[in-house]
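A.B. asks: sequence and predicted structure, then a few things I'm wondering about:
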Protein chains: 8
Amino acid sequence: MLTAWRARLGILIPSVNKTMEPEFYQMAPRGVSIHTARMTQKIDTIEELLKMADYAPKAASDLSDAAVDCIAYGCTSGSLLGGPGHNEKLLASIKKVTDIPTITTSMAVVAALKELEIKNVCVATPYHDDINVKEKEFFEFHGFKVLNIQGLSCDGPETADLSMKRVYTHSKGAFRLGSDALFMSCTDMPSLEIIQALELDLGKPVVSSNTATMWMMLKKVGIGEPIEGFGKLLTKPRINGKL
Amino acid sequence: MLTAWRARLGILIPSVNKTMEPEFYQMAPRGVSIHTARMTQKIDTIEELLKMADYAPKAASDLSDAAVDCIAYGCTSGSLLGGPGHNEKLLASIKKVTDIPTITTSMAVVAALKELEIKNVCVATPYHDDINVKEKEFFEFHGFKVLNIQGLSCDGPETADLSMKRVYTHSKGAFRLGSDALFMSCTDMPSLEIIQALELDLGKPVVSSNTATMWMMLKKVGIGEPIEGFGKLLTKPRINGKL
Amino acid sequence: MLTAWRARLGILIPSVNKTMEPEFYQMAPRGVSIHTARMTQKIDTIEELLKMADYAPKAASDLSDAAVDCIAYGCTSGSLLGGPGHNEKLLASIKKVTDIPTITTSMAVVAALKELEIKNVCVATPYHDDINVKEKEFFEFHGFKVLNIQGLSCDGPETADLSMKRVYTHSKGAFRLGSDALFMSCTDMPSLEIIQALELDLGKPVVSSNTATMWMMLKKVGIGEPIEGFGKLLTKPRINGKL
Amino acid sequence: MLTAWRARLGILIPSVNKTMEPEFYQMAPRGVSIHTARMTQKIDTIEELLKMADYAPKAASDLSDAAVDCIAYGCTSGSLLGGPGHNEKLLASIKKVTDIPTITTSMAVVAALKELEIKNVCVATPYHDDINVKEKEFFEFHGFKVLNIQGLSCDGPETADLSMKRVYTHSKGAFRLGSDALFMSCTDMPSLEIIQALELDLGKPVVSSNTATMWMMLKKVGIGEPIEGFGKLLTKPRINGKL
Amino acid sequence: MLTAWRARLGILIPSVNKTMEPEFYQMAPRGVSIHTARMTQKIDTIEELLKMADYAPKAASDLSDAAVDCIAYGCTSGSLLGGPGHNEKLLASIKKVTDIPTITTSMAVVAALKELEIKNVCVATPYHDDINVKEKEFFEFHGFKVLNIQGLSCDGPETADLSMKRVYTHSKGAFRLGSDALFMSCTDMPSLEIIQALELDLGKPVVSSNTATMWMMLKKVGIGEPIEGFGKLLTKPRINGKL
Amino acid sequence: MLTAWRARLGILIPSVNKTMEPEFYQMAPRGVSIHTARMTQKIDTIEELLKMADYAPKAASDLSDAAVDCIAYGCTSGSLLGGPGHNEKLLASIKKVTDIPTITTSMAVVAALKELEIKNVCVATPYHDDINVKEKEFFEFHGFKVLNIQGLSCDGPETADLSMKRVYTHSKGAFRLGSDALFMSCTDMPSLEIIQALELDLGKPVVSSNTATMWMMLKKVGIGEPIEGFGKLLTKPRINGKL
Amino acid sequence: MLTAWRARLGILIPSVNKTMEPEFYQMAPRGVSIHTARMTQKIDTIEELLKMADYAPKAASDLSDAAVDCIAYGCTSGSLLGGPGHNEKLLASIKKVTDIPTITTSMAVVAALKELEIKNVCVATPYHDDINVKEKEFFEFHGFKVLNIQGLSCDGPETADLSMKRVYTHSKGAFRLGSDALFMSCTDMPSLEIIQALELDLGKPVVSSNTATMWMMLKKVGIGEPIEGFGKLLTKPRINGKL
Amino acid sequence: MLTAWRARLGILIPSVNKTMEPEFYQMAPRGVSIHTARMTQKIDTIEELLKMADYAPKAASDLSDAAVDCIAYGCTSGSLLGGPGHNEKLLASIKKVTDIPTITTSMAVVAALKELEIKNVCVATPYHDDINVKEKEFFEFHGFKVLNIQGLSCDGPETADLSMKRVYTHSKGAFRLGSDALFMSCTDMPSLEIIQALELDLGKPVVSSNTATMWMMLKKVGIGEPIEGFGKLLTKPRINGKL
C-alpha cells in the first residue's frame, strides 16, 4: 500500500497500551491506514484512567495534523468510568481542538451491541473489580442486562502479555447461558486472534473493544466493505441513511 | 498475532507523518509489533523540524510505558538539520527519560549505507532545496560522495499523498551513473511499494528512510530473520558480535 | 493464451487515452483479446472531441483487418456531446466501412444503467463543467434523473495520472443519498481498481465508462460468463433472446 | 493497476495483427501498460508490407499523445524487407513527428541475438519463401549464420489462428543441430505460450519477434526486472552503462 | 495415486481416437483410473465405423483382465449408425465375453439429456453429413427434437487436432434459440477445455460425448461425487434407487 | 488440455496391467497425451509373458492410427525373459507394421541406469523367483552388478493392488549398502507415489519401470523439460546430440 | 501451535491401535491437542477386549496428569461387548480416579447417529462375526434398525494396515438401500481419508468410530467450530443448551 | 493419510507431558505416524523423574503391540539425571520386553549436537537449578563446554502453558556469544513454533529436545527426507553407512 486512498483512522490510546495498534492493522481493509497518538497512562487505577483525559486534546490535535478522517478515544474503561456524561465530556474537549468526527470505545461498544440487537450480555475483562462494577453500571444505564461480568485483576502493564489460552479460557468462562453475546472488554487485552473461534464455540456473537471501535470508525467514514475473520459484527453491512 | 512475542518497536514520528506507521506494519516480521508516539510538527520548515525535538522526551516516555524494546526518532531531516552533533543531542534528551535503546533515522541511514559498502550515493527527497543542502552536508560529513540530490519542493502535508508514479519517476530521475546506491529520503514519502522494482530497474541497492530505520531497530533488538520484498538491505544477515 | 478462441474485441480510442487498454485487458475473460485503433484527440475541448469522429471510419477499417467480432467507439463525452442522434451518426459513419457490430460508450452506459434498473444516478467525471452540462442533458434525454454531476476540471492529458485516492474521494463525494447508482464517466479516468471497494462502501452499484463498454461488447458477442471483481454489472447474466 | 507508474510502451502494429497486443499484455511487468496504434496492412505481400511504412508517422504521432515512453515499429518483415538501411529510414520518418525513443522489431531481434551471443541461428516463420529469402539476407548482413529458415506460406490473416501444435511442430522442425538458438519470426505468429517449453525441449535459447521487441523496449526505458516464463532472453539483466 | 481405490473404468475406443483418453483422465475423480483397449478404425466412414464393432469382444475381454468395474463402448456415431437396436447388439456381443456392466456413448448421451430434462437439442459434430443424418434420426427415435445439427466434414484423423477456436466457434454456431441444450458429438472432438465457457456463454447446458460417457460410467459404479468445471451434467447428484 | 500439441505417446501394455496408464498420466508434461493398446496377458507366467508378444504388431498398428510419436512395449519381464536378442525381436516385429520409433521397457531401464552411471544395482520386483532369475541375468548381460533381487511372488492380477506400505517396505528391504541405485521392476507395481520419498530415504537414485520408460520416450520425441517429483532420473536434461 | 489454547483431548486406546492417534490429529481444530494413554490389548478376541477395561483407571489417571479437558475410552467393540450397562461400568471405574468428563466410543456413536436422526443403519466392521453379533444387539438395544452388518474377520493387528481400496470396497458393499447412514466401526480401521468420498458416493451420511468420538468430545468441551472434510457429522453445529 | 506406510514412531512420555505429542505430529513427514504410551510422572522433582523409569517396560510393551518401528524414551532430564550409565540402564530395561530399536532423548541430544559439530553450547530449560546442575554435568561428561545454562524454575505441570513470548525471551536470554548452538531442553517446553525464528535471530543452530528426538528416530528408521521449518538439524541429510 503506497497511500491510504480510502481513509485514515486516528486512535488516541493509553501510553501503556500494546495491543490496539497491531489489532487495528490486522483488521484494516485495503486502502485504510491507522495512526496513533498516545495519552499518558501507566497503570489501571480509576484515578489514572480518569486523569488520562487531560492528554486527549493535545493528542487529538497531533492526529489532526495527520489528516485522519476519524478519531477514536481508544479506551473502554477510560471512557465510561466517569459515569453518565463521561463520553460527552471527552468528545467536547476534543471538539475544541479539531472538527474531525470523533468517537470513544465505550460509545462504539454500545452501538455495536445495539446493531446486533443484544439485550443480555456477559462481559470478560482484565480489570480489578472496582472497574468491573463501573462497567456493569454503564451497560445497565444503556439498557443492557449484564448476566455476568468477570475480571482477571490485572494491574495494566501485564494485560497485553496474557496468553491466548488464558484469554480464551477466561472469556469462555465468563459466558452464561441465556446471554445474547459475549463482550471482551479492554483495548489492551489481546483477543482478535481468538474472537472467531470463540464465537463459533459459544454459538453467539463475540464483540471486543477493538472490533467495536473499528466497526464504528468504518461506519463513520463510510467504508461498508465486510471484514471477515473477526466475528459477526464486522461482517455486517455498514451502510445507513446518514452516510 | 495475539502478542508480540519477539519484540515491540517504538517510533517517535512527526505529527504530520502518515506513511511511517503503515510502512512499518508492512515490513514487520512475525511476532513484532509497532507502537507510535507523535511529536508536533505541521509543516516542513527547518525551524519547525528543529522545534519538534522538544516533544521527543515526553513522547519517548509514553513509548516506554508500552515496554518497547527499542525507540526510533523517526524523521530524516529532523535528525540531521542541526548539523554535526544533532543526533547525539537528540539521543541524550531521550536518555534522560528512559534507558530503552534509541536510534534516529539519519543514524540508521548512515549505518545502512555503510553496511552496503556504499561510497557514492544519489538522494531523492520530497524537500525544498534548503533542506536538501543540509542533507548533502550531512552525508559528506559522514564520508559519502553525493552525486546528486534532488527534491520535490513539498511543504509537508502533501508528501504522503504523492502518487506511486510521481515517487518512482522522481527517484529514478535523481539517480546518476556511477552511483553505488539510491537513497529515498523522508519517512513520510511513500516508497515501500516500489523499492524492490526500483532496485531491479536501477541494478543498484535502494534504501529508504523507513527501510533503514527498520533495519537498524531489528539489528538493535537482535532479530536476524531476513525480510524479503523491500530491497537488498533488509535481506542481509543482521547478526553481529554485539547481539 | 495462444489465440483468442472466444472473441476479439476492437476499441476505437482517443489518441490521448492511456487507461482503456490496460483496464480492458484486466477485465477480459479467458479466450478474449483486445485490439486498439487510435483516433487523434489531444485535449478535452468540446470542439476537439467532436472532430475526433472524423478519424473513426479509417480506424474502424483498420480494426476490421484484425477480424474483431465487435467494435466500440470508446469515448463517453465524445459520443454524447453532439446531442440526440450523435450516437446514430457515429455508427452510420462506421457502418460505411465495415459490417462488424459496433457500439459506443455512451450507448453502453445507458444500456447498463437500464439493465441495473437505475432511475436516479449521480455522476463523477474528470471534465470541465461545459462537458458536464452536456452529459447531464444526455442522461435526462434518456430518462434518468441526475441527482448530482461533478467534475475535476481536467484538461485531458493528466486524467490518466489521477491517483487512486483522488478518484476514490472525488467519486464518493459526488454520490448523493437517494441515488440508485454512481456512474464514473470517462474511459480515461482510472477507476477499475476501486470500483468494487466503492460499490461496497456506497452500498449501491457503481458503473464506469469502461465496465459499461466491456459489458455491452461481451453481450454483443455472446459471452455470458460472469466477471467478478469489477462491480455488480459485470457479474450479471448476459444472455438474452437475441444472442 | 490504476496507473502505469513505471512506463507506458507504445506499439505500431500492422492492422491485420491480432497477436502482438495480447502477448505484450501477458509479458508486461507490474506498472507497465501497452498502447497501440495501427498501420494499414491487410495481407503479407512484400509490396503491402513496404507500403505500410507510410502510415507510421501518423500512428506514432497518435501514440505520442498517449505520452508513451518508447515506441516500437512492431513488424519483423516490415522492418527488414527494404534491405540495409530500412530500419534507419523508418526511424527517421518517425523522428520527424516525435522525439520519443523508437525501435523496430528487426533491430530488436538483432540486438537480442547479440545479447545472447548467438552466432548460428535457425528461423521459423509463417511467411512465403520470398520473404524468407529477404530475412535470411538480413541476418547474414548482420553477421549471423542462418543454418535453416523455414516458412508456413501463410498469406497473413490466418497467421494469428495457427494452433499451438502447428506452431510448436513447425518451429521445432526448423531447428538444426549446431544452431545456437531458434528465432520465431513474426509479431503475429502466436508463440508466447510455447516459448518456454520449446526452449527446454531444444536445450537452446528461443527468441520470438515479440519477446525481442519487449526486451529492447524495457531496456530502453530502464526496466531491469527479470521476467520469468517466456524464455531466457527476458530473464537476463537489462541494465547497461547507458541507462 | 498409488492404486485406484474407488473404481477402474475401461474404455473401448476407435484406434484413431486421440482425445477420449486425455479428457477422461482430466475428468477422473480422486481414486479412479482409466484403462483403454483399442478397436481398429482408421477413417470416419459409415462402413468402417460399423465394422469396428467386430473388434469389441476381444477388446472388452482385454479390459476385463484389468478388472475394470465398468466398460464403455466409447464412440458416438459408432454406436448409433446401425439404427434402432444397434446399442443392444453391441452390448450383447460384449456380454458374451464378460459380465462387467457395459454401456455405450450413444446410450449415455440419451440418458444424460434425459437427466437434464432436455426436449429440444442442437448438435455440433465433426462429421460428414451422411453421419449427421443418422445421428438426427437417432435422437428423434429417442424422443428429442433436433433444432439443428451441423458438421465439420472431417474425415477422422484430423478431428483431434481441431483448434479450440474452431471447436468453440463451430459449436456456438450450431446452437439455436429455443434449444434446451447443446450436444457436442464425437469422443474424438476436443471439447472438454471449453465446455464450461460455452455453457456460460449460451446460458444452457452443454453436454459432450465424453462428459456423457463419464457421467453414466460413474453412475453405474456408484460414484456420486460432483465434478466441477466441465458443465452442469457432471455437477448433478448421481445417486439413484438402483445404486 | 484441448490437444496434445507437444507429443502423443503410445504404450502397448499387458491386458492385466492397471498401473501404467494412471502413472503415465501423472508424469506427463504439459502438452503430452498418452494412448494405450492392450496385448492379452492374464497371469505372470514366463510362458504367457512370452506369448503376449504375438499381440504386439496388431496393437502397435492400432496405436499408429492414433498418430503417436513414439511407441513403448510397456512390460519389463515381457521384454527380457527371452534372453539376449529378445528386445531386438520385439522391435523387429513391430517395425513390420509401423515406422514409428519404438522402445521397450527393459531397453529403457538399461539406458536409464547408464544415464545415471549406475554400476551396482538392487532390484525389487513383484515376481516369482523364476522371473527374478531371468531379470538378474538380463542386468548382468548388460554389465551391471546385481547386489540383490527380491520378489513378492505375486501371480499378476493382484500386483496393482499392493498397498503403498507393502511396496515401500518391500523395496526398501531389497536395497543393500554399496548399491548405486534401486530399481523397482514391473510396470504394474504401483510405485510412482513413493519413488521420491524412497530416493530421499535411501540417499540413492530410485528408478521404476515406468519412470524409465517415460524418460526414454520423452528423450526419443525430443521433450527436454525436467519433470519434478518422481525421482532424479526425470529431472535430468534429456537433450543429446541426436535430437 | 505452541500451546493447546482451546482444549486438550485425552484418548484411552487399545495398545494394538495404530489409527486413532493419526486420525485424531488430522481432525483436530486449531488450538486443540490430542493426548494418549494405552490399555493393553493385543488381539481382537471378546475375552481380551473385555479384559482391557482393567487397564482403564491407571491410563485415565495418567491422562489426568496431562490436564486433559475430556477423556474418551477409544474402542468401539470394547465398550459394547459387555451388553447393556457396559458403558456405565467403564465410566464408573474411571470416575474413581478422576473427575474429568469421560465418554466412550460406543456412547458417542449412539449419540452421533441420533444427532443425524438415523433410524436404519448399515455397519461395516473389521471384526469376526461373534463381535458383529454383539454390535448388532447393541444398536438394536439403542433403538436402531440394523439393515446389514458385515465384517472382514481381521484378528486385530492387521486392521490398521488395510488398504484404502479394501476399506472403501468393503464399506460400500455393506451398505443397503433404505439405510439412512453407514457406520464404519472400529477406531483402528483406517477410514478418515475416504469418509467424505464414501458419503458423496452413497448419498447418505457416513460416520466412523473416530469421527463420532471426536464429535462427542468436542461437544463436551464446548468447541462448536464446524470441521470440514470428514463427513456431515462434524460439520453440524455442536452448541446445545447444556454447554 | 490412511496408513503409516513409511514408519510408525513410538514415544514413551511422562504422564504430565502435554507438548511432545502435538510437536511430533507437526514435524512428522508424509507416511509417518506417532504413537504414545505414558509413564506416570506428575511433578518435576529428581526423585519422581527417576522413579518414572519403572513404568517404562510396561509402556514399551504396549507400544510394541502397535508395531512401532522405533521407540523413544521421551524425557530429557529423566534420561540423564542418573548420571553416566543412566541411558544404558533405561535401554536395558526396555530391551527385556521388546527388541524394537530404542533411544532416549538425552542420547539424541548428544548425537544431534555432534552431528552439527557443536563444541560450546548454551542451554535454556524450564527446570529448577538442581536439575540444571545435573544437565550441565551430563553435557560436560559428553565433551561439550556449557557456556551457560538457565532455568525457569517450573514445577512441571505449568511448563506446557508457557507463552511463546516467555519461551522466546528466556531462550534468547540464555544464549552467550561464542556459543556454537542453543539447546532448548525439555520435551514438555513448547518451542517448535519459534525454533526457526530463534535460529535466524541468533545466527546459530537451535536444537530442542523434541527436534533432537525426532531427528534420531528418523535416522534409526531410515527416513532421510529433509524436514523444513524447525531448525537446521532436521534439514540435514540423515543417511549414513549403517542405514
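C.D. replies: Noted; the coordinates are in hand.

A.B. asks: where do the strands sit along chain A?
C.D. replies: Secondary structure of chain A (DSSP state E): strands at A:7-14, A:32-39, A:70-73, A:102-104, A:120-124, A:145-150, A:181-184, A:206-208.

A.B. asks: most packed of the ones you listed?
C.D. replies: Across those, averaging neighbours per residue (mean count of other CB atoms under 10 Å in any protein chain shown) puts strand A:206-208 on top, at a mean of 30. Using the backbone N, CA and C atoms, a C-beta is placed for each residue, glycine as well.

A.B. asks: neighbouring strands for it, and are they parallel or not?
C.D. replies: If you go by DSSP bridges, strand A:206-208 pairs up with strand A:181-184 (parallel).

A.B. asks: I would like the residues contacting the strand it pairs with, please.
C.D. replies: For strand A:181-184, contacts defined as CB atoms under 8 Å, 6 or more residues apart in numbering or on different chains pick out A:109, A:113, A:116, A:118, A:121-125, A:167, A:171, A:174-175, A:191, A:195, A:198, A:202, A:204-209.

A.B. asks: and with 7 Å instead?
C.D. replies: For strand A:181-184, contacts defined as CB atoms under 7 Å, 6 or more residues apart in numbering or on different chains pick out A:109, A:113, A:116, A:118, A:121-124, A:171, A:174-175, A:191, A:202, A:204-208.

A.B. asks: also stretch A:56-75?
C.D. replies: When contacts are defined by CB under 7 Å, 6+ apart, stretch A:56-75 is touched by residues A:7-14, A:20, A:35, A:37-39, A:79, A:90, A:93-94, A:96-98, A:100-105, A:187, A:213, A:217, A:220-221, B:15-18, B:38, B:40, B:42, B:157.

A.B. asks: check stretch A:103-110 too.
C.D. replies: Stretch A:103-110 is touched from outside by A:72-76, A:79-80, A:87, A:90, A:138, A:142, A:183, A:187, A:207, A:209, A:212-213, A:215-217, A:220, with contacts defined as CB under 7 Å, 6+ apart.

A.B. asks: could you dump that stretch to PDB, C-alpha only?
C.D. replies: The C-alpha coordinates for stretch A:103-110 follow below in PDB (Å, rounded to 0.1, in the frame of the first residue of the first chain):
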ATOM      1  CA  ILE A 103     -16.000   8.600  18.900                       C
ATOM      2  CA  THR A 104     -15.000   6.600  22.000                       C
ATOM      3  CA  THR A 105     -14.600   2.900  22.600                       C
ATOM      4  CA  SER A 106     -17.500   2.700  25.100                       C
ATOM      5  CA  MET A 107     -19.800   4.600  22.700                       C
ATOM      6  CA  ALA A 108     -18.800   2.100  20.000                       C
ATOM      7  CA  VAL A 109     -19.500  -0.900  22.200                       C
ATOM      8  CA  VAL A 110     -23.000   0.300  23.000                       C
END
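
A.B. asks: for A:Glu140, give me its contacts.
C.D. replies: Going by CB under 7 Å, 6+ apart, A:Glu140 touches A:Val146.

A.B. asks: skipping adjacent residues, who's closest to the closest residue to chain H within chain A in space?
C.D. replies: Residue nearest to chain H within chain A: A:Ser163 (4.2 Å; CB to the nearest CB). In this structure, A:Ser163 finds its nearest non-sequential neighbour in H:Ser163, 4.2 Å apart by CB to CB, 6 or more residues apart in numbering or on different chains.

A.B. asks: backbone phi and psi for the one you found, please?
C.D. replies: phi -80, psi 160 (degrees, to the nearest 10).

A.B. asks: that one and A:Lys165 touch, don't they?
C.D. replies: No: H:Ser163 is not in contact with A:Lys165 according to CB atoms under 7 Å; the separation is 8.3 Å.

A.B. asks: tell me the pLDDT of the residue nearest in space to the middle of chain A.
C.D. replies: The centroid of chain A falls nearest to A:Ser209 when counting by CA atoms, centre = their mean (2.7 Å). If you check A:Ser209, the pLDDT there is 98.

A.B. asks: cool, A:Met52 as well?
C.D. replies: 96.

A.B. asks: can you tell me which residues contact it?
C.D. replies: If you count contacts by CB under 7 Å, 6+ apart, A:Met52 has them with A:Pro14, A:Met39, A:Thr40, A:Gln41, A:Gly78.

A.B. asks: which non-adjacent residue is nearest it?
C.D. replies: In space, and not counting its chain neighbours, A:Met52 is closest to A:Gln41: 4.2 Å by CB to CB, 6+ apart.

A.B. asks: what does A:Thr102 give?
C.D. replies: A:Ile71 (4.4 Å).

A.B. asks: that neighbour bridge partners, please.
C.D. replies: For A:Ile71, the beta-bridge partners are A:Gly10, A:Thr102 (DSSP bridges).

A.B. asks: and it, how far from chain B?
C.D. replies: Distance of A:Ile71 to chain B, computed by CB to the nearest CB, to the nearest Å: 13 Å.

A.B. asks: one more: A:Leu113?
C.D. replies: 24 Å.

A.B. asks: quick check: that residue touching A:Phe144?
C.D. replies: Yes: in this structure, A:Leu113 is within contact of A:Phe144 by CB under 7 Å, at 6.5 Å.

A.B. asks: give me the common contacts of the two.
C.D. replies: Common neighbours of A:Leu113 and A:Phe144 (CB under 7 Å, 6+ apart) are A:Val121.

A.B. asks: just checking, A:Arg38 touches A:Ser15?
C.D. replies: Yes: counting by CB under 7 Å, A:Ser15 is a contact partner of A:Arg38 at 4.5 Å.

A.B. asks: and the gap between the residue nearest to A:Thr102 and B:Pro14?
C.D. replies: Taking CB to CB, to the nearest Å as the measure, A:Ile71 falls 18 Å from B:Pro14.

A.B. asks: neighbours around the residue nearest to A:Ser163, how many?
C.D. replies: H:Ser163 has 21 neighbouring residues, counting by other CB atoms under 10 Å in any protein chain shown.

A.B. asks: where does it land on pLDDT?
C.D. replies: 94.

A.B. asks: equivalent analysis for A:Leu243, please.
C.D. replies: pLDDT for A:Leu243: 41.
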